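Trainee: Sequence and predicted model, in that order:
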Number of protein chains: 2
Amino acid sequence: MIDCIIVGSGVAGISAALTLQSNRKSFLMFGSKSLSEKIEKAEKIHNYPGLADVSGQAFVKALQAQLSQAEIEVKEEKVAGVYALKEGFTILTQDGTQYESRSVILACGVESIKQIEGEENFVGRGVSYCATCDGFLYKGKTIAVVCTTKRLEHEIGYLADFAEKVYLIPMYKNVEIHRENITVIRKMPAKIEGKMRVENLVFSTPPAEDIPAALPVNGVFMLRESVSPAILMGGLQTENGHVTVGRDMSTNIPGCYAAGDCTGRPYQYAKAIGEGNIVAHSVSEFLK
Amino acid sequence: MIDCIIVGSGVAGISAALTLQSNRKSFLMFGSKSLSEKIEKAEKIHNYPGLADVSGQAFVKALQAQLSQAEIEVKEEKVAGVYALKEGFTILTQDGTQYESRSVILACGVESIKQIEGEENFVGRGVSYCATCDGFLYKGKTIAVVCTTKRLEHEIGYLADFAEKVYLIPMYKNVEIHRENITVIRKMPAKIEGKMRVENLVFSTPPAEDIPAALPVNGVFMLRESVSPAILMGGLQTENGHVTVGRDMSTNIPGCYAAGDCTGRPYQYAKAIGEGNIVAHSVSEFLK
């Protein structure tokens, strides 16, 4: 079994990976080869010691070069769930592959877009975060898809292949996906309501003439760059949407650690890198 | 009154300074223009994200350039004591100057050389950390001076001007100070003993033919690059020599924060920089 799985390829995950590598631990890092949309988009970073006024793009390039020099690869698979076993963890990716490890580092960032009221209540009962996992369940049905980034547009297409009707609520400009069964709504929904399962996606006012404020849907897909850690892993202790951690970055689940934005503010590179460093040492200690 | 005083110019202090500057807080940073002996001496840093395999010297240069670009100056005065007032703090430097601030960040690192048994017991009763503060008290007396770095050799000279006899225990190579009343001992002392005041500096075996294992001295000066935070500031809660801090880097004293090596392991650049970032945000929040 490998020593550790790192969920996330932002600066916290990278910092953890570099130090785990120095400590000669075996690990996998899941994320994106472009590392982090958040870093990429940063215009100038003013307070990162050692790199004065670096641009986000230059920072990403430096990190990519450093990872490649250290022979650390980012696995471009989206993690759908983390499960604590009697010993170690199983990580399930969205395409259904399973990985096992002795420890886990959650470095999955925070969602810049808040949860919708009712969202958490209906997880598994009409709310889904994974098109490839759950898309087939909505064959011939009506769904809403809230999508925060163009990068995930291919997942919308995947969903539109199954669903009869897709209401797309994009949180980005220049929607490029066009299908007969996709209607774009440019308004943020207020809540999800239903009894046993999702019944309506509710807007504060009707988003269009032919679309009611309480839009009947069979399911709501939330396609975000990062998944909330509490949704990723059942039983994980969180507070105001942040993973509760100790000074050693340990969570309430033995062997499960967290670092970076997902543990709370300040949402800053230096803070995330520091926590990535600490977490790697704590994991190395745990593995003894 | 200025917003904050940062004690220490290692990476934690620098990270805090850069972020306080971004937050438009007024502050002073005490330390060394060469920043940190520890960084300077680092051969290669393997796990600092963004700067692959950077040498300690190159890292120091990058940090110096960044500070100068941000118009942050390091005040080269050694802090002798930090005192909590009813509101704010007084910082006393070794040359007797006083500064006041609304908050304090202790980023003074850890001593790489452990305390000597009995050292803490005799602080103010024969044990001193400050040549210029206490040197004159030993006029005509016999003292021992444990010195960890050549940079502080001028303080030995200052002490030798007052004392009749100085036993110098250097923790560095190539002692360059030579005086008739200085005898160099190349052996680490085991403890300091005495009743009300320091009486003997004790070695495990006689360090030389004419020097007994229990060497009678009136005082012991410990000249170290960094002073233990607990000695710097009375009432500060520590544990195993590290300042006890919360996740927000607050100490048990309101308005007093700590960051970097002085808060505990891992003694790593990324960890110190992360804590420097967090502490600057916490101080900014405190100042509201």
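Mentor: Alright, I've got the coordinates.

Trainee: How about stretch A:45-57 and chain B, any contact?
Mentor: Yes - under the criterion of CB under 8 Å from any CB of the partner chain, chain B is reached by stretch A:45-57 at A:H46, A:N47, A:Y48, A:P49, A:G50, A:L51, A:A52, A:D53, A:V54. From N, CA and C alone the C-beta is placed, and that goes for glycine too.

Trainee: Give me the nearest residue to the last one, chain neighbours excluded.
Mentor: For A:V54, the nearest residue in space outside its immediate sequence neighbours is A:I45; the separation is 5.2 Å by CB to CB, 6 or more residues apart in numbering or on different chains.

Trainee: What about that neighbour, how many residues nearby?
Mentor: A:I45 has 19 neighbouring residues, counting by other CB atoms under 10 Å in any protein chain shown.

Trainee: Could I get the residues of stretch A:45-57 next to chain B in TSV, plus columns for pLDDT?
Mentor: Converted to TSV, these look like this (pLDDT from 0 to 100):
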residue	pLDDT
A:H46	88
A:N47	93
A:Y48	95
A:P49	96
A:G50	95
A:L51	95
A:A52	93
A:D53	90
A:V54	93
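
Trainee: A:L35: which of those is nearest?
Mentor: Ranked by distance to A:L35 (CB to CB), these are led by A:V54 at 14.0 Å.

Trainee: Touching, that closest one and A:E43? I think so.
Mentor: No - between A:V54 and A:E43 there is no contact under CB atoms under 8 Å: 10.4 Å.

Trainee: Settle it for me: which of those two has more neighbours?
Mentor: The neighbour comparison of A:V54 against A:E43 (other CB under 10 Å) goes to A:V54, with 19 against 9.

Trainee: and that one, what does it touch?
Mentor: A:V54 sits next to A:K44, A:I45, A:Y48, A:A62, B:G50 when contact means CB atoms under 8 Å, 6 or more residues apart in numbering or on different chains.

Trainee: Quick one: the residues you listed as TSV, columns for secondary structure and distance to A:E77 too.
Mentor: What follows is the contacts of A:V54, written out as TSV (DSSP: H, G, I helix; E, B strand; the rest coil; distance: CB to CB, whole Å):
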residue	secondary structure	distance to A:E77
A:K44	coil	32
A:I45	strand	28
A:Y48	coil	29
A:A62	helix	24
B:G50	coil	25
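
Trainee: from those, which is closest to B:A107?
Mentor: Nearest to B:A107 out of the contacts of A:V54 is A:Y48 (CB to CB; 17.0 Å).

Trainee: sorry, back to before: among the residues of stretch A:45-57 next to chain B, name the buried ones.
Mentor: The neighbour count (16 or more other CB atoms under 10 Å in any protein chain shown) marks A:N47, A:Y48, A:P49, A:G50, A:L51, A:A52, A:V54 as buried among the residues of stretch A:45-57 next to chain B.

Trainee: can you map out the strands along the stretch 51-200 of chain A?
Mentor: With strands called from DSSP state E, counting those that start in this stretch, the stretch 51-200 of chain A shows them at A:74-75, A:79-84, A:89-93, A:98-106, A:127-128, A:142-147, A:165-170, A:182-184, A:191-194, A:198-202.

Trainee: Now render those strands as JSON lines, adding mean neighbour count.
Mentor: What follows is the strands of the stretch 51-200 of chain A, written out as JSON lines (neighbours: other CB atoms under 10 Å in any protein chain shown):
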{"stretch": "strand A:74-75", "mean neighbour count": "20"}
{"stretch": "strand A:79-84", "mean neighbour count": "20"}
{"stretch": "strand A:89-93", "mean neighbour count": "19"}
{"stretch": "strand A:98-106", "mean neighbour count": "22"}
{"stretch": "strand A:127-128", "mean neighbour count": "24"}
{"stretch": "strand A:142-147", "mean neighbour count": "24"}
{"stretch": "strand A:165-170", "mean neighbour count": "22"}
{"stretch": "strand A:182-184", "mean neighbour count": "16"}
{"stretch": "strand A:191-194", "mean neighbour count": "19"}
{"stretch": "strand A:198-202", "mean neighbour count": "21"}
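
Trainee: count of residues packed around A:E40?
Mentor: So A:E40, with other CB under 10 Å, has 15 neighbours.

Trainee: Just the buried residues of the one helix or strand it maps to, please?
Mentor: In this assignment (DSSP states H and E), A:E40 forms part of helix A:37-41. By 16+ other CB under 10 Å, the buried positions in helix A:37-41 come out as A:E37, A:K38, A:I39.

Trainee: can you check stretch A:200-213 too?
Mentor: Applying 16+ other CB under 10 Å to stretch A:200-213 flags A:N200, A:L201, A:V202, A:F203, A:P207 as buried.

Trainee: Could you report the separation of A:T90 from A:V82?
Mentor: Plainly put, A:T90 is 8 Å away from A:V82 if you go by CB to CB, to the nearest Å.

Trainee: quick one: secondary structure of the most centrally placed residue in chain A?
Mentor: What sits nearest the mean C-alpha location of chain A, by CA atoms, centre = their mean, is A:S226, with 1.7 Å. Three-state call for A:S226 (DSSP: H, G, I helix; E, B strand; the rest coil): coil.

Trainee: hang on, isn't it packed against A:A107?
Mentor: No - counting by CB under 8 Å, A:S226 sits too far from A:A107 to count as a contact (9.8 Å).

Trainee: Residues in contact with both of those two, list them for me.
Mentor: By the contact definition CB under 8 Å, 6+ apart, A:S226 and A:A107 are jointly contacted by A:G8, A:C262.

Trainee: and the residue of chain A found nearest chain B, how many residues sit next to it?
Mentor: Minimum separation of chain A from chain B (CB to the nearest CB) falls at A:G274, amounting to 1.2 Å. By other CB under 10 Å, the residues close to A:G274 number 33.

Trainee: That one: helix or strand, and which one exactly?
Mentor: Using DSSP H and E, A:G274 falls within helix A:269-287.

Trainee: if I pick the residue of chain A closest to chain B, what's in contact with it?
Mentor: By CB under 8 Å, 6+ apart, A:G274 lies in contact with A:S15, B:A270, B:K271, B:A272, B:I273, B:G274, B:E275, B:N277, B:I278.

Trainee: who in chain A is up against chain B?
Mentor: Going by CB under 8 Å from any CB, the residues of chain A near chain B are A:11, A:14-15, A:18-19, A:21-22, A:46-54, A:59, A:62-63, A:65-66, A:69-70, A:245, A:247, A:264-266, A:268, A:270-278, A:281.

Trainee: go with 7 Å
Mentor: Taking CB under 7 Å from any CB of the partner chain as the contact definition, chain A meets chain B at A:11, A:14-15, A:18-19, A:22, A:46-52, A:59, A:62-63, A:65-66, A:69, A:247, A:266, A:268, A:270-271, A:273-278, A:281.

Trainee: now these: which count as buried?
Mentor: Of the residues of chain A next to chain B, these count as buried by 16+ other CB under 10 Å: A:11, A:14-15, A:18-19, A:47-52, A:59, A:62-63, A:66, A:266, A:268, A:270-271, A:273-278, A:281.

Trainee: circling back: specify the angle between the helix holding A:G274 and helix B:269-287 in degrees.
Mentor: 120 degrees (axes from the mean of the first three to the mean of the last three CA atoms, to 10 degrees).

Trainee: Quick one: mean pLDDT for helix A:269-287?
Mentor: For helix A:269-287, mean pLDDT rounds to 97.

Trainee: now that helix, how far from the centre of its chain.
Mentor: Counting by CA atoms, centre = their mean, to the nearest Å, helix A:269-287 is centred 20 Å from the centre of its parent chain.

Trainee: And for stretch A:47-57?
Mentor: 25 Å.

Trainee: Could you do stretch A:107-114 as well?
Mentor: 7 Å.

Trainee: can you dump the C-alpha coordinates of it into PDB?
Mentor: Extracted in PDB, the C-alpha atoms of stretch A:107-114 (Å, rounded to 0.1, in the frame of the first residue of the first chain):
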ATOM      1  CA  ALA A 107      -5.600  19.900   0.100                       C
ATOM      2  CA  CYS A 108      -8.600  20.500  -2.000                       C
ATOM      3  CA  GLY A 109      -9.000  24.200  -1.500                       C
ATOM      4  CA  VAL A 110     -12.300  26.000  -0.900                       C
ATOM      5  CA  GLU A 111     -15.100  26.600  -3.200                       C
ATOM      6  CA  SER A 112     -15.200  30.300  -4.200                       C
ATOM      7  CA  ILE A 113     -18.900  29.800  -4.800                       C
ATOM      8  CA  LYS A 114     -21.000  29.200  -1.800                       C
END
